[in-house]
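Sequence plus predicted model, see below.
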Amino acid sequence: MVHEILQHISPELGNLSGYITVRAACALAFAFIMSLLIGPACVRRLTVLKFGQQVRQFQTKETQQFNIHQHKAGTPTMGGLIIILATLTSVILFCAPTSAYVWVVVGVMLGTGALGFADDYLKIVRRNHKGVSPWGKLAVQILIGAALGYFLWVDGARTSYVMRTTTPAGVVSKIISGNAHLLVPFFKNAYPYLGLALVFWAALVLTAASNAVNLTDGLDGLAIGATITVALPYLVITYLVSRMDYSGYLYLPHVPQAGELSVVLSALLGAAMGFLWFNAHPAEIFMGDTGSLSLGAVIGTIALLCKHEILLILIGGIFVIEALSVVLQVGSYKWRGKRILLMSPLHNHFVKLGMHESKIIARFLIVSMILALAGLSTLKLR
């Protein structure tokens, strides 16, 4: 929107705002400032409405209620509204309105954000930790993911891949197209064809990413901090795959519309950093499922759109580890009757060991940054 307005005011400013890098920087700055501005009002309003965090109660042998996060009860939740509002406003202002990919991401954010909002609201109304049923949340996530997969299936002609083979006559290049091809890290010419299974694949990726971020959201600043470290590499990736020269040099798929996803991610980064201002330990507000479900879904969606969803396993390794710790904990208890952790997800295990929350958060984010850099470095290894 801003680009179109500036074009009418001044051709020079219009040309400058046409660059993706310029609009991405503006989107980040605007979303960050907007988060800082609306954050205090949001905290106050949620406090007045008594929209506080509901902490699950556990019964001990002495029949006393106890939870390691009991001291967080009553802290305003639904802070994900700050992230969503700041991101969407910045996206509308600085993204190209003609880009279908932008509106797909916006649709996913609003859909999963509404699901998270319903879950948070029910928890507050019922005054316990039970909101939308797990199966209900899973069904909505799968439906949104399947819709995304269908869009990718229909829109597949926009993405192209170059397969290069060496022959006695020289290097022969073959161009294939379609989002139904899967990019495999570390291999130059590995593009397995999924066909219509792309719909199920997209549903799996989106659901897994959304729930993984949700499970990580347990300590002040942990989930939003890890989101920032994951979004940064994808900001670089979306820009690279949008450029034919860079994508060709690095043997990456060429996704022309992915350039606008760089602006979307910049807006998300700005909003996330602004939210971290209030969510850092000790947190003044929590994002709730409103934020965690939508953030995970957006990350999964952008990974699918830029064809680097498998790399998300490495770049988003912290989310994967946290989710895997829950799966292993539940599986071990059901099959063997024994727990492998003192408490899941993994960050709660360290809390039970007596490690200070700030130290756990710092160490997890250090690992997340290392994994993000490792994932980004694999682009050259192709």
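Yep, that arrived.

Any regions of the protein where pLDDT drops low?
By pLDDT under 70, the weakly predicted segments of the chain are 1-17, 52-74, 156-157, 161-174, 382.

Quick check: the gap between the closest residue to Ala96 other than its chain neighbours and Val241.
Sequence neighbours aside, Glu260 is the residue nearest to Ala96 in space, at 5.4 Å (criterion: C-beta to C-beta, 6 or more residues apart in numbering). (Glycine included, C-beta is placed from N, CA and C.) Remark: distance between Glu260 and Val241 (C-beta to C-beta, to the nearest Å) = 12 Å.

was I right about Asp155 contacting Leu148?
No: here Asp155 does not reach Leu148: they are 10.4 Å apart, not a contact under C-beta atoms under 8 Å.

higher neighbour count, those two?
Per other C-beta atoms under 10 Å, whichever of Asp155 and Leu148 has more neighbours is Leu148, with 26 against 16.

give me every residue that touches the more buried one.
Val104, Val108, Ala202, Ala203, Leu206, Thr301, Leu304 (C-beta atoms under 8 Å, 6 or more residues apart in numbering).

Show me what counts as buried in the strand or helix carrying it.
Here Leu148 sits within helix 134-154, counting by DSSP states H and E. Neighbour counts over helix 134-154 (16 or more other C-beta atoms under 10 Å) mark 137, 140-142, 144-149, 151-153 as buried.

Repeat that for stretch 20-38.
By 16+ other C-beta under 10 Å, the buried positions in stretch 20-38 come out as 20, 23-24, 26-28, 30-32, 34-36, 38.

Restricting to C-alpha, output the strand or helix carrying Leu198 in CSV.
Using DSSP H and E, Leu198 maps to helix 198-216. Output in CSV follows, covering the C-alpha atoms of helix 198-216 (Å, rounded to 0.1, in the frame of the first residue of the first chain):
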residue,chain,number,x,y,z
LEU,A,198,1.4,-32.8,-1.2
VAL,A,199,-2.0,-32.0,0.4
PHE,A,200,-1.3,-34.4,3.3
TRP,A,201,2.3,-33.3,3.5
ALA,A,202,1.3,-29.7,3.9
ALA,A,203,-1.2,-30.6,6.6
LEU,A,204,1.5,-32.6,8.5
VAL,A,205,4.1,-29.8,8.3
LEU,A,206,1.7,-27.0,9.4
THR,A,207,0.2,-29.1,12.2
ALA,A,208,3.6,-30.2,13.5
ALA,A,209,5.1,-26.7,13.4
SER,A,210,2.1,-25.1,15.1
ASN,A,211,2.0,-27.6,17.9
ALA,A,212,5.8,-27.6,18.4
VAL,A,213,5.9,-23.9,19.0
ASN,A,214,2.9,-24.3,21.3
LEU,A,215,4.7,-26.9,23.4
THR,A,216,7.8,-24.7,23.6
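
What helices and strands are in contact with the helix or strand that comes right after that helix?
With elements assigned by DSSP H and E, the helix or strand that comes after helix 198-216 is helix 222-242. The contact analysis (3 or more C-beta pairs under 8 Å, 6 or more residues apart in numbering; DSSP states H and E) places helix 222-242 against helix 20-48, helix 198-216, helix 244-249, helix 258-279, helix 288-305, helix 312-315, helix 317-336, helix 357-381.

OK, contacts around the residue positioned nearest the centre of the chain?
What sits nearest the mean C-alpha location of the chain, by C-alpha atoms, centre = their mean, is Ile299, with 2.9 Å. For Ile299, the contact set (C-beta under 8 Å, 6+ apart) comprises Ala209, Val213, Thr227, Val230, Ala231, Tyr234, Leu312, Gly316.

what's the spacing between the fifth one and Gln141?
Right, the one you point to is Ala231. For Ala231, the distance to Gln141 - C-beta to C-beta - is 20 Å.

go on, the last one?
For Gly316, the distance to Gln141 (C-beta to C-beta) stands at 16 Å.

How about the contacts made by Cys42?
Pro76, Gly79, Leu81, Ile82, Ile285.

repeat that for 6 Å
Ile82 (C-beta atoms under 6 Å, 6 or more residues apart in numbering).

Over to Ile228?
Ala272 are the contacts of Ile228 under C-beta under 6 Å, 6+ apart.

what about Gly316, how many residues close to it?
By the measure other C-beta under 10 Å, the count of residues near Gly316 is 32.

That one is in contact with Val230, isn't it?
Yes: contact criterion C-beta atoms under 6 Å: Gly316 and Val230 qualify, at 4.8 Å.

any idea how far Leu198 is from Ala146?
10 Å.

can you check Leu222 too?
Applying C-beta to C-beta, the value for Leu222 to Leu198 is 32 Å.

Leu232 now?
Taking C-beta to C-beta, one finds Leu232 at 27 Å from Leu198.

what about the two, which has more around it?
Using other C-beta under 10 Å, the more surrounded residue of Leu232 and Leu198 is Leu198, with 22 against 18.

Please name the residues that touch the more buried one.
Gly149, Leu152, Trp153, Ala180 are the contacts of Leu198 under C-beta under 6 Å, 6+ apart.

Could you do Lys359 as well?
Neighbour list for Lys359: empty [criterion: C-beta under 6 Å, 6+ apart].

Can you give me the neighbour number for Asn179?
Applying other C-beta under 10 Å, we find 23 other residues in the vicinity of Asn179.

so it sits right up against Thr159, yeah?
Yes: using C-beta under 6 Å, Asn179 makes contact with Thr159 at a distance of 5.1 Å.

Now distance to Asn189 too, for the contacts of Leu198, in a markdown table please.
Converted to a markdown table, the contacts of Leu198 look like this (distance: C-beta to C-beta, whole Å):
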| residue | distance to Asn189 |
| --- | --- |
| Gly149 | 24 |
| Leu152 | 21 |
| Trp153 | 23 |
| Ala180 | 16 |
